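J.: give me a 3D structure for the following:
(2 chains)
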Amino acid sequence: MCDPAANLPVVAVAGCGAVTAVGEGVGALRAAMRANASGLRACERFRHPRFQSSVVGAAPATTSGVESDDPAFELAHAALHEAAGEAREVLSATLPTRLGLVLSTTKANIEALERLADGRPCSDAARRHLQPDLLAADLAALHGARGPVQCVSVACTSGLVALQQGAKLIQRGAADAVLVVGVDHLSAFVVGGFSSLKALDPVGCRPFDRDRCGLSPGEAGAAMVLARAELAPRGAVTLRGWGTSNDANHMTGPSRDGSGLAQAIRAALGAAGLRPEEIDYVNAHGTGTPYNDAMESAALRGVFGEACPPFSGAKGMLGHTLGAAGIVETILCVLAMRERLLPGTPRLGASADGVPASLVREPRAAERLDHVLKLSTGFGGCNGALILGHG
Amino acid sequence: MDKLTVTAASRVTAADLATARLGSRFGRMDLFSQLALLAVESLGINFDSLARDRVAICLAAATSSLATDVEFWKGRDAAGGLSPTLFTYTLPSAAIGELAIRHRLTGPNLCLVGGDALLLAEAADLIRRGEADACVCVSGDVVSAALAELIRVPATAGASALFLQRGGEGPHVLRENDRDIASWCAVISGAKNLG
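T.: Numbering: from 1, shown residues only, chains lettered A, B, ... in the order given. Okay, here's the model as predicted:
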């Protein structure tokens, strides 16, 4: 746990950017959140016996002006460009050597491996971005971040861990602002991999639904500009605390009792100096696999008992965007807090047995959203929890 | 500032795997996870004496999981299709999961890709912030011949491990700018346990 009395600098969100299955820009994400819309569609590219499902969350072509055969770079750059635009004043007041970058990804530009293996054209830049750390270095150079650069990859908790790492860089004085960017793109590699595990829902994922039977892969670039709170706009959303843990149980399946995720939540609450009853909303990981959603329900009951706060999941909207998921779903939380709106759970039909009754089906106005908890879990038993606050 | 001590360090290569006896599960892992497990086993740490939820695992994977990625993708045209077992290891952090399972370590996790220059600083920060009392640090790299051709770097396979503890015994106190795990392994020059 972090020590809430440690008098560490407060870290705030100064800007957000996203390219997702619901469109380019945070505005598209906001509109989808309000409409409880889903960006999941059948995609011709994945209609093949090799794949268990062709339903994915595909992002549109970006309009950032960068042309390449490198979808990871394009998505990440577009998201960073938007986030930097919102944080223009903060970034103009930050020396390049005091601006860091943390990249979250699981597969970087894995399309280059497919291209090279198939003998298709592949530029040197695209080949270079097979290596996640080189993608991070090139994004940092393009966006003027000459401070510390890190590349984080902790399965599907990568996004939350990257936000944690960005905040730590600021808190220990290594940077005044940090660009945190998450990216993963749709590929035959990933869709084929999840198909081999029989982990896809043929009709598209339905988190927390009675009939859920798997996830839907998605792609996204998502970026947040973190900064010392005194540099950020007044009232900006802040990162209050975080925690990570490991189930130490199974490589691909979560623990049945949710104790590992509950441990991460308790660590985050301790770091934030909050009690469970002070959490106003939880954005779940909610992959739509039977075991994940059951485990998360158990973890929520373990921490909150019968007083579970309103919670919902976004993967029916965006698909599972892997290394981008923790960041794009945290951006949804930021939007929810700014608009005081509880996001719904797109594609939810009938709730599964055992899911806490506070599951939010449709978006609705919230009385208050002072403290929001974002959860992530991943292969290898990794768990992550992040708490956002105001001011 | 808390005193942090390096209580054990080790270095293994692919040649050491031939004599490794780490159970049937070990044989199903990818090479990176095998090296990471063997390096940590070589530390000789008795985890029974520690609170397992207070032990973090920090990993640095120099070339991500790319060697395993190449192996996995070779299966796309195979009769049985892509291997679900190998897919599990197409994440650079997979070795964290294997280490956590083997030693029942439920503390915080971090995996950095691209060299280990930041690994010790991040592990020390985890402990100093109170998120953990100790940290298993592993730095590894596997570049197969196929990957070497693809990304144009020399082939290699090895892993180093180090155990960092708050307080701890022995003379090996971590200094502010200690970054080089390889140097720690060289310092002990074959002594597996410094405690």
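
J.: regarding the nearest residue to B:L66 once chain neighbours are set aside, what is its secondary structure?
T.: Take B:L66 and drop its neighbours on the chain: the residue closest to it by C-beta to C-beta, 6 or more residues apart in numbering or on different chains is B:L147, 5.3 Å away. To be clear about C-beta, it is placed using only N, CA and C from the backbone, and glycine gets the same treatment. Classification of B:L147 by DSSP: H, G, I helix; E, B strand; the rest coil places it in helix.

J.: would you confirm that B:L147 contacts B:S65?
T.: No - counting by C-beta atoms under 8 Å, B:S65 is not a contact partner of B:L147; they are 10.2 Å apart.

J.: neighbour count: those two, which is higher?
T.: The residue with more neighbours, out of B:L147 and B:S65 and counting by other C-beta atoms under 10 Å in any protein chain shown, is B:S65; that gives 26 against 22.

J.: the more buried one contacts B:T90, doesn't it?
T.: Yes - applying C-beta under 8 Å as the test, B:S65 and B:T90 come out as touching, 5.2 Å apart.

J.: who touches both of the two?
T.: Where contact means C-beta atoms under 8 Å, 6 or more residues apart in numbering or on different chains, no residue is in contact with each of B:S65 and B:T90.

J.: the stretch 1-150 of chain A: strands as residue ranges?
T.: Assigned by DSSP state E, counting those that start in this stretch, the strands in the stretch 1-150 of chain A fall at A:11-20, A:23-24, A:41-42, A:55-56, A:99-104, A:149-152.

J.: please name the nearest non-neighbouring residue to residue 140.
T.: Unless you meant another one, I'm taking chain A. Distance criterion C-beta to C-beta, 6+ apart; nearest residue to A:A140, sequence neighbours excluded, is A:L101 at 4.1 Å.

J.: you answered for a different chain; I wanted chain B.
T.: In space, and not counting its chain neighbours, B:G140 is closest to B:A159: 3.5 Å by C-beta to C-beta, 6+ apart.

J.: strands paired with the host helix or strand of that neighbour, and their directions?
T.: When secondary structure is defined by DSSP states H and E, B:A159 falls within strand B:156-166. Strand B:156-166 has its sheet partners listed here by DSSP bridges as strand B:4-13 (antiparallel), strand B:134-143 (antiparallel).

J.: run through chain B and note the low-pLDDT ranges.
T.: For chain B, the stretches flagged by pLDDT under 70 are B:1, B:188-195.

J.: helix, strand or coil: sort out the residue lying farthest from the centre of it for me.
T.: Computed with C-alpha atoms, centre = their mean, the residue of chain B farthest from its C-alpha average is B:A79, at 33.5 Å. Three-state call for B:A79 (three-state DSSP): coil.

J.: so what does it look like in phi/psi?
T.: Geometry field for B:A79 lists phi and psi as phi -60, psi -40, criterion degrees, to the nearest 10.

J.: circling back to that earlier point, would you mind listing the buried residues in the strand holding B:A159?
T.: Judged by neighbour count using 16 or more other C-beta atoms under 10 Å in any protein chain shown, the buried positions of strand B:156-166 are B:T156, B:A157, B:G158, B:A159, B:S160, B:A161, B:L162, B:F163, B:L164, B:Q165, B:R166.

J.: quickly list what the fourth one is bridged to.
T.: In other words, B:A159. Judged by DSSP bridges, the bridge partners of B:A159 are B:V12, B:G140.

J.: what residues are up against it?
T.: Neighbouring residues of B:A159 by C-beta under 8 Å, 6+ apart: B:R11, B:V12, B:F32, B:L35, B:A36, B:L38, B:A39, B:V138, B:S139, B:G140, B:D141.

J.: quick one: contacts for the most centrally placed residue in chain B?
T.: When chain B is reduced to its mean C-alpha position, the closest residue under C-alpha atoms, centre = their mean turns out to be B:V138, at 2.8 Å. For B:V138, the contact set (C-beta under 8 Å, 6+ apart) comprises B:36, B:39-40, B:57-60, B:95, B:99, B:159-162.

J.: same check, this time on A:I170
T.: The contact partners of A:I170, taken as C-beta under 8 Å, 6+ apart, are A:P9, A:V11, A:D176, A:A177, A:V178, A:L226, A:A227, A:R228.

J.: those helices in chain B, which residues are they?
T.: Per DSSP state H, chain B has helices spanning B:24-27, B:31-41, B:66-74, B:84-88, B:94-103, B:119-128, B:145-151, B:181-188. These are given in chain order.

J.: restrict the last one to CA atoms and write it as CSV.
T.: What follows is the C-alpha trace of helix B:181-188 in CSV, where atoms were taken according to Å, rounded to 0.1, in the frame of the first residue of the first chain:
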residue,chain,number,x,y,z
ILE,B,181,21.7,-6.3,-12.3
ALA,B,182,24.6,-7.9,-14.3
SER,B,183,27.1,-6.1,-12.1
TRP,B,184,25.4,-7.5,-9.0
CYS,B,185,25.7,-10.9,-10.4
ALA,B,186,29.4,-10.3,-11.3
VAL,B,187,30.1,-8.9,-7.8
ILE,B,188,29.0,-12.1,-6.2
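
J.: ok, A:R146 to A:A137 distance?
T.: Using C-beta to C-beta, to the nearest Å, we find A:R146 at a distance of 11 Å from A:A137.

J.: more crowded one of these two?
T.: Just comparing A:R146 and A:A137: by other C-beta under 10 Å the higher neighbour count belongs to A:A137, 19 against 14.

J.: okay, the more buried one and A:V149: tell me how far apart.
T.: For A:A137, the distance to A:V149 under the criterion C-beta to C-beta works out to 6 Å.

J.: before we move on, back to that, now, the contacts of A:I170 that are in strands?
T.: Under the assignment DSSP state E, these contribute A:V11, A:A177, A:V178, A:L226, A:A227, A:R228 to strands.

J.: how near is A:V303 to chain B?
T.: Taking C-beta to the nearest C-beta, to the nearest Å as the criterion, A:V303 is separated from chain B by 15 Å.

J.: list the contacts of A:L197.
T.: Contacts of A:L197 were listed using C-beta under 8 Å, 6+ apart, and they are A:T252, B:P84, B:F87.

J.: highest neighbour count among the residues you listed?
T.: Of all those, the highest neighbour tally under other C-beta under 10 Å goes to B:F87, namely 25 neighbours.

J.: tell me the contacts of that residue?
T.: B:F87 makes contact with A:G193, A:F194, A:S196, A:L197, B:F72, according to C-beta under 8 Å, 6+ apart.

J.: how about A:S245, secondary structure?
T.: Reducing the assignment at A:S245 to three states with three-state DSSP gives strand.

J.: check contacts around it.
T.: Contacts of A:S245 (C-beta under 8 Å, 6+ apart): A:G260, A:L261, A:Q263, A:A264, A:A267, A:C382, A:N383, B:D53, B:T106, B:G107, B:P108, B:N109.
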